[in-house]
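S.K.: 3D model of this:
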Amino acid sequence: MFIRTHKMKSATSRLTVCPLGDIQWAGDEDDIAYDLLEEHIGNCLEQPTPFFVGMGDYSDFASPSMRRALETHVTYDTAKKVIADKSKALIDDLYRRLLKPTRDKWLGLTQGHHHHPVKVSELKDGTVVMEDSDVYLAKLLNAPWLDEMGVIKVVFPGGGVFRILALHGSGSSVFPWGPLIKLYRLMPHFHVDLLLMGHQTKKADDEVDRLIFPDDSDDIKHMTIKMVGTGGWMKGYINGRRTYVSTAGLGPVALGQPLIHLRPRVRKGTWEPRMTVES
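M.R.: As a prediction, this is how the structure comes out:
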C-alpha cells in the first residue's frame, strides 16, 4: 500500500477522476470494446483537469494460477526470456495504441491480478534486469505506483483535501451492486471521500453520509462518501468465437468506466468537493 499526494493550484479547481483498468489487453482488438475504450479515453482527456487512476488488469497475461504454473514448469532460461519479452510487448502495444496520450495525467496506478515479470534491461555482465509488468506500465505513464492498494490525497490550497482509496479488488457477484458489498465493508475503516474498486467489472455506485460535529460550534456537517465499481472493457461474448464466458453461460460485463467529477467550492468558510459520479 502507498499513500500519494497530488497538489492542485486553486481551492476551486475542477477535477475529473477517471478510473481506468480491467482492459485485459491480449493484442486483439476484437477481445475488448476497443473503439469504445478509445472514445472513452478521448472523452476523459476533454474533461476539466482529468486525472486517471489505474485499477489493475491492464493486460490479460498472466493470472495468479498461470504465474504459479509458469514458475513451476518453465525452467529453461530461453523460455523464460521469450515469455517475459511477450509480456513486455503486450504492455508496449497497449501504451502505444491507447494509453500514451494519458501520460503525466495519473494520480496513481494499482496492481491487478494479471501481470508478469518483464525484461527492462541487460547489464554488461549479462545480468537481466526484470520488473513487474504493472510497474513497467506505471513508469511508461509516469504514474505514481500504488501497489495492491493506495490512498491518494488531492490537496487544494486553503485546506481542502479530497481522499481516494483505490484497489483492484477481488470476489465475484452476479448482481450489479456486487462491488458495493466489499466497498461498504471497507468504508468505515478508511477516512476517505471516494472508494474505487475494479475486478468485478461492474459500474455500480452508491453513497453514505457521515455526520461530523465540529469542535468549535454546535453545527452538524455532512461528509458524503461515494463507493464506485469501476467497470471494464473485455467482451464476454464475441460472434464466431467461443470464450470462457459463453462456455460457462455467464452474464456479460458492464462495458465502460465511470467518471467522478469534482466541482469544489468554499461555502460558509468550509471547503466542499461537490462530487458527482457519471457512468
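
S.K.: in the chain, what secondary structure element scores lowest on mean pLDDT?
M.R.: Sorted by mean pLDDT, DSSP states H and E, the helices and strands of the chain end with helix 64-73, the least confident at a mean of 74.

S.K.: Now do the strands in the stretch 1-150 of the chain.
M.R.: For the stretch 1-150 of the chain, the strands defined by DSSP state E, counting those that start in this stretch occupy 2-7, 15-20, 50-54, 106-110, 117-122, 128-132, 145-147, 149-155.

S.K.: Now mean pLDDT, mean neighbour count and distance to residue 83 too, for these, in JSON lines please.
M.R.: Placement of C-beta: from N, CA and C, glycine included. Output for these, formatted as JSON lines (pLDDT from 0 to 100; neighbours: other Cβ atoms under 10 Å; distance: least, Cβ to Cβ, whole Å):
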{"stretch": "strand 2-7", "mean pLDDT": "98", "mean neighbour count": "14", "distance to residue 83": "28"}
{"stretch": "strand 15-20", "mean pLDDT": "98", "mean neighbour count": "24", "distance to residue 83": "26"}
{"stretch": "strand 50-54", "mean pLDDT": "98", "mean neighbour count": "24", "distance to residue 83": "23"}
{"stretch": "strand 106-110", "mean pLDDT": "98", "mean neighbour count": "25", "distance to residue 83": "23"}
{"stretch": "strand 117-122", "mean pLDDT": "84", "mean neighbour count": "16", "distance to residue 83": "9"}
{"stretch": "strand 128-132", "mean pLDDT": "86", "mean neighbour count": "14", "distance to residue 83": "11"}
{"stretch": "strand 145-147", "mean pLDDT": "98", "mean neighbour count": "20", "distance to residue 83": "23"}
{"stretch": "strand 149-155", "mean pLDDT": "98", "mean neighbour count": "20", "distance to residue 83": "27"}
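
S.K.: Show me the shaky parts of the stretch 51-200 of the chain.
M.R.: Counting by pLDDT under 70, the stretch 51-200 of the chain contains low-confidence ranges at 75-76.

S.K.: Now do the helices in it.
M.R.: Here the stretch 51-200 of the chain has its helices, by DSSP state H, counting those that start in this stretch, at 64-73, 77-94, 133-141, 178-186.

S.K.: closest one to residue 239 among those helices?
M.R.: Nearest to residue 239 among those is helix 77-94; the distance by Cβ to Cβ comes to 23.7 Å.

S.K.: what's the closest one packed up against?
M.R.: strand 117-122, helix 133-141 (3 or more Cβ pairs under 8 Å, 6 or more residues apart in numbering; DSSP states H and E).

S.K.: among these, which is nearest residue 35?
M.R.: Nearest to residue 35 among the helices and strands packed on helix 77-94 is helix 133-141 (21.7 Å), distances taken as Cβ to Cβ.

S.K.: now that closest one, how far from the chain's geometric center?
M.R.: Its chain's C-alpha centre and that of helix 133-141 lie 13 Å apart, by Cα atoms, centre = their mean, to the nearest Å.

S.K.: what is the orientation angle of it with strand 128-132?
M.R.: Compare the direction of helix 133-141 with that of strand 128-132 by axes from the mean of the first three to the mean of the last three Cα atoms, to 10 degrees and you get 90 degrees.

S.K.: Show me the contact partners of helix 133-141.
M.R.: Here helix 133-141 makes contact (Cβ atoms under 8 Å, 6 or more residues apart in numbering) with 54, 56, 58-59, 87-88, 90-92, 94-95, 99, 102-104, 106, 109-112, 115-118, 120, 143-145.

S.K.: Quick check: buried residues in it?
M.R.: Going by neighbour count (16 or more other Cβ atoms under 10 Å), the buried part of helix 133-141 is 133-138, 140-141.

S.K.: what angle do it and strand 50-54 make?
M.R.: Taking the same axes, to 10 degrees, one finds that helix 133-141 is oriented at 160 degrees with respect to strand 50-54.
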